[in-house]
Every structure is written in structure tokens, then in C-alpha cells.
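>>> got a sequence here, can you build the structure:
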Amino acid sequence: MQDIEVIESVDAAAAALDPVRARLLGELTVPASAAGLAARVGITRQKVNYHLKALEAHGLVELSEERRHGGITERVLQASAARYVVSPAAVTASAADPDATADRRSAGYLVALAGRVVREVGTLARRAGTSGKRLPTLTIDTRIGFRSAADRAAFADDLTAAVLDLAARYHHDDGEPYRLVVAAHPVPEEESS
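Just a heads-up that it's a prediction; the model follows:
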């Protein structure tokens, strides 16, 4: 089971976002049979089987084991990932294309940029998982309180200068290319306490 899977396909996203199927995916972080799931979620085994087949067709669940009981084979399934994220590109390709937005200071640009990060890192994580390698990433996430717009602007200037200096110092034309994204946005009111 992967830690996280980025869903790129419209059909897979629709399957995962169906309320019953989303609940089954949540339950399948622990392998279970259709009969076991039916008992846990209060839905008939036949309906659970129907939904599991749809999830399996999109690679969102996978066979964990088969158990034989007399002449009957019970399939035990598990979610293919502990967590799922739907890539904005599953809705429309331009959702993950920051170049489609001219205003680089707009919320639309930031969201498209974040969509591209989700799409690219999802693809790289899938490849790394297939090859058994760890994907090298770097993430910095912090909060900062600005007293004024002038402080925010000065911080942006200092940060830009520092990043440009570091990039110039460590960049090599023949090196493995990495994408560096620095973003800032106000913390939503419900999370700011």
C-alpha cells in the first residue's frame, strides 16, 4: 500500500469521490472481504461487491489475498493507498498549468502552481514506488505574522534575494533539475487561532 496516491483520471476521481466508495476506501486501509465490509458499513454484500469492482477497475483497491472456504473463494481487498488526492488536472488540464494564468501574483496562479506540484510529485512518487526507490523531496512549511504590508513586501524582497543567491551558488547546467516553489498566502481565519 502506498502512503499517498494522486488520482489523475477523471473516471478514477469520480469513482473515489462517490460517497459510498469513499467510505469503502477509508475502511480498506485494513484488508477486508466484501462480507466483512458489508457488516462494518451496513450495506448488503452485493452492493459492496458492486462498488469494490468499480474501485478495483480504477486501481484504487487491490487484491490482498484469497481465502478458500470449501468450494468458495473469498477475495480480501485493500486500498492501494492510505490517502488519496485528486489532481486538479483530473478536472481540466489547465487547472495544473500555471502558465495559463498571466497574473503571477493571483490566487489563480498559486492554485494552478499547487496543482502542478500535486501532478508532478504524484507522477514521481508513483515511479519511485514502482522502482522501490525513495523520492528525494524538500518541504518547508512555516507560519509568519506580518505587522504591515511593508513588512510583507520587505520579506518578499529578502526572500527573493536569498533564493536567487542560493540558486546561483548551487545550480549546475549538467545537474539533475529540481523545481523549487516558494508560496505564501494568508492562513484561513478558521485555522489562524
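
>>> buried ones in the lengthiest helix in the chain?
As assigned by DSSP state H, the longest helix anywhere in the chain is helix 107-131. Buried residues in helix 107-131, counted by 16 or more other CB atoms under 10 Å: 109-119, 121-122, 125, 128-129. C-betas here are computed from N, CA, C, even on glycine.

>>> and which of these is nearest to residue 72?
Distance to residue 72, by CB to CB, is smallest for residue 129 among the buried residues of helix 107-131, at 33.1 Å.

>>> and the closest one, what does it touch?
By CB atoms under 8 Å, 6 or more residues apart in numbering, the residues touching residue 129 are residue 2.

>>> go again using 10 Å as the cut-off
2-5, 81, 135 (CB atoms under 10 Å, 6 or more residues apart in numbering).

>>> just residue 65 next, same as before
Per CB under 10 Å, 6+ apart, neighbours of residue 65: 31, 33, 74-78.

>>> quick check: beta-bridge partners of it?
Assessed by DSSP bridges, residue 65 has beta-bridge partners residue 76.

>>> ok, now which ones touch the residue nearest the centre of the chain?
Centroid-nearest residue in the chain: residue 85, 3.4 Å away (criterion: CA atoms, centre = their mean). With contact set as CB under 10 Å, 6+ apart, residue 85 has these partners: 4-7, 13, 16, 118, 121-122.

>>> skipping its backbone neighbours, what lies nearest residue 152 in space?
residue 146 (4.2 Å; CB to CB, 6 or more residues apart in numbering).

>>> and the residue lying farthest from the centre of the chain, what does it touch?
Taking CA atoms, centre = their mean as the measure, the residue most remote from the mean C-alpha position of the chain is residue 70, 41.2 Å away. By CB under 10 Å, 6+ apart, the contact list for residue 70 is empty.

>>> biggest separation within the contacts of residue 129, which pair?
Among the contacts of residue 129, 81 and 135 lie farthest apart (CB to CB), at 14.5 Å.

>>> for the two, indicate the residue with more neighbours.
residue 81 (22 against 12; other CB atoms under 10 Å).

>>> so that one versus residue 113, what's the distance?
The spacing between residue 81 and residue 113, counted by CB to CB, to the nearest Å, is 24 Å.

>>> also residue 157?
20 Å.

>>> spatially, what comes nearest to residue 167 if we skip its sequence neighbours?
Nearest non-adjacent residue to residue 167 (CB to CB, 6+ apart): residue 180, at 7.2 Å.

>>> just give me the neighbour total for that neighbour.
8.

>>> hmm, it is touching residue 166, no?
Yes. At 9.0 Å, residue 180 counts as touching residue 166 under the criterion of CB atoms under 10 Å.
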